[in-house]
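S.K.: Please find the sequence and the predicted model below.
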Amino acid sequence: MNDETFWLDARKQICMDPAKVNLNAGTLSPTPKPVLKAVTELRQRMAENPSDFCWRQLPVLIEHSRRRLSEYLHCDPLNLLLIPNVTFAINMVVSSLKSDRGSEILTTDHEYGAMMYAWQRQADRNGWKISSLELPHRTEDPNEIVRAFERAITPATRAIFFSHVTTITGLRLPVRDLCTLARRRGLLSIVDGAHAPGMVPVDLSDIGADFYGANCHKWLMAPAGAGFLHVSPSHKREMSPLITSWGYEYDREEMDADSHWGGSFWQRDLEFHGTLDRTPQMVLPEALDFRTTLGGDDAIIKRTRYLSDYATQRLAACGLARVTPLNNQLNGGALTAFDFPCQDVLAWRDWIWNKHHIECPITTAARKTFLRVSTGWFNTIKEIDRLVEAIRAFQSSG
């Protein structure tokens with residue numbers, strides 16, 4: 001479904017400044033108007049009757065949202081935590097992990113910086129080693145990535161941590177095969193799925209990760225503050241909350257019993273952080289329903305791939321080589337990177353915004369810099385043409 005008229009009409013349902021170009025849904029998507037309306041109405045209800053909302057309405061709304069998201073992700077809702085974002089999720093896993101001094105955490109040189117800081121802080125505390133393999137990010141063969149992990153595993157390795165879709169170049173890793181490898185070698189698999197939900201199909205039962213965290217504010221287009229962590233049942237009792245509150249003294253023999261709180265006792269212990277605005281997590285059903293009005297995941301993925309292919313063609317004319325693999329098994333279709341040598345990535349980012357009103361970041365990994373183009377379904381070929389004009393202006397400026 002690449003009828004430009006259809007998508008231009010659907011775009012009217014998004015909160016967007018028509019004078020600006022957002023080619024950065026990979027950081028945060030604009031919000032659909034029906035989703036914004038739903039979350040605004042919930043905030044109004046909370047403002048008018050805050051105690052009633054938090055004590056009586058919240059449990060029903062959170063549980064409904066959890067079940068809808070679990071259906072979309074193909075997992076048991078009892079194993080799913082609704083939390084603010086993937087940074088929160090991975091920090092929960094990192095802080096809960098118990099391993100001896102000298103243990104090795106194996107990751108890649110294309111992981112999100114904030115996640116690596118979380119690992120490094122815990123490694124410094126516990127005497128762990130963080131080992132980073134060189135990710136073959138230009139490969140067209142998924143098995144090459146699996147083999148790179150196999151070669152990097154040592155007797156000291158206790159866990160592997162990697163992205164489902166990398167934030168740097170949009171490389172889509174063979175996540176199920178890597179989790180299978182970890183299980184076969186007796187290792188924990190911890191997946192940063194920040195970019196996957198809404199960009200690529202996510203079947204958590206099939207993937208089989210021990211821990212999988214992600215955001216819903218990127219490609220699912222939920223408001224900021226909606227993320228999740230899925231924990232394998234065999235590891236649920238190992239989890240510790242980042243903030244200790246009313247869920248602390250739950251009966252661990254009855255951890256999945258109904259607490260009349262909006263989830264199990266286990267979920268209350270790990271989700272409840274005092275009085276917070278959880279309304280973004282309550283409107284996941286509205287975000288998922290909005291996707292169906294666009295034709296569902298298949299139509300959205302087809303649209304984003306079409307725009308990515310167009311961007312690849314147009315930027316090639318500027319001399320920019322695509323880094324993200326062409327093999328659809330190894331790309332998400334909506335996040336595409338190009339070689340872009342640049343001395344000051346923040347200066348470029350701000351220049352293109354201030355001068356051309358385009359949001360399109362430069363990412364860095366392994367001492368290389370890349371132009372990262374996020375093609376959300378709501379973007380247009382004219383917006384990509386504007387990016388090309390900006391690139392040419394940048395190149396001619398020296």
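M.R.: All right, it came through fine.
S.K.: Pass me the low-pLDDT residue ranges in the stretch 101-250 of the chain, would you?
M.R.: Low-confidence segments of the stretch 101-250 of the chain (pLDDT under 70): 250.
S.K.: can you give me the helices for it?
M.R.: Under the criterion DSSP state H, counting those that start in this stretch, helices of the stretch 101-250 of the chain are mapped to 113-126, 142-152, 175-184, 204-207.
S.K.: Out of those helices, which gets nearest to Leu229?
M.R.: Among these, the nearest to Leu229 by Cβ to Cβ is helix 204-207 (10.9 Å). Glycine gets a C-beta too; all of them are placed from N, C-alpha and C.
S.K.: Work out the gap between the closest one and the centre of the chain.
M.R.: 16 Å (Cα atoms, centre = their mean, to the nearest Å).
S.K.: Show me which residues of that helix are buried.
M.R.: 204, 207 (16 or more other Cβ atoms under 10 Å).
S.K.: Just send the helices of the stretch 101-250 of the chain back as CSV, with distance to Lys37 too.
M.R.: Converted to CSV, those look like this (distance: least, Cβ to Cβ, whole Å):
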stretch, distance to Lys37
helix 113-126, 31
helix 142-152, 41
helix 175-184, 34
helix 204-207, 29
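S.K.: closest to Thr312 out of these?
M.R.: Closest approach to Thr312 among those is made by helix 142-152 (20.3 Å; Cβ to Cβ).
S.K.: now for the closest one, which elements pack on it?
M.R.: The helices and strands touching helix 142-152, judged by 3 or more Cβ pairs under 8 Å, 6 or more residues apart in numbering; DSSP states H and E, are strand 129-133, helix 175-184.
S.K.: which residues touch the residue nearest the centre of the chain?
M.R.: Nearest residue to the geometric centre of the chain (Cα atoms, centre = their mean): Ala194, 1.4 Å. The neighbourhood of Ala194, defined by Cβ atoms under 8 Å, 6 or more residues apart in numbering, consists of 86, 112, 163-165, 167, 213-215, 218.
S.K.: Next, format the helices and strands packed on helix 142-152 as a markdown table and append mean neighbour count and distance to Ala222.
M.R.: Below are those laid out as a markdown table (neighbours: other Cβ atoms under 10 Å; distance: least, Cβ to Cβ, whole Å):
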| stretch | mean neighbour count | distance to Ala222 |
| --- | --- | --- |
| strand 129-133 | 16 | 31 |
| helix 175-184 | 18 | 22 |
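S.K.: Select, out of those, the one closest to Lys33.
M.R.: Of the helices and strands packed on helix 142-152, nearest to Lys33 by Cβ to Cβ is helix 175-184, at 32.9 Å.
S.K.: what are the ranges of the strands in the stretch 51-200 of the chain?
M.R.: For the stretch 51-200 of the chain, strands defined by DSSP state E, counting those that start in this stretch occupy the ranges 80-83, 104-108, 129-133, 157-163, 188-192.
S.K.: if we can go back for a sec, let me know the closest of the contacts of Ala194 to Arg43.
M.R.: Proximity of the contacts of Ala194 to Arg43 (Cβ to Cβ) peaks at Asn215, which lies at 20.4 Å.
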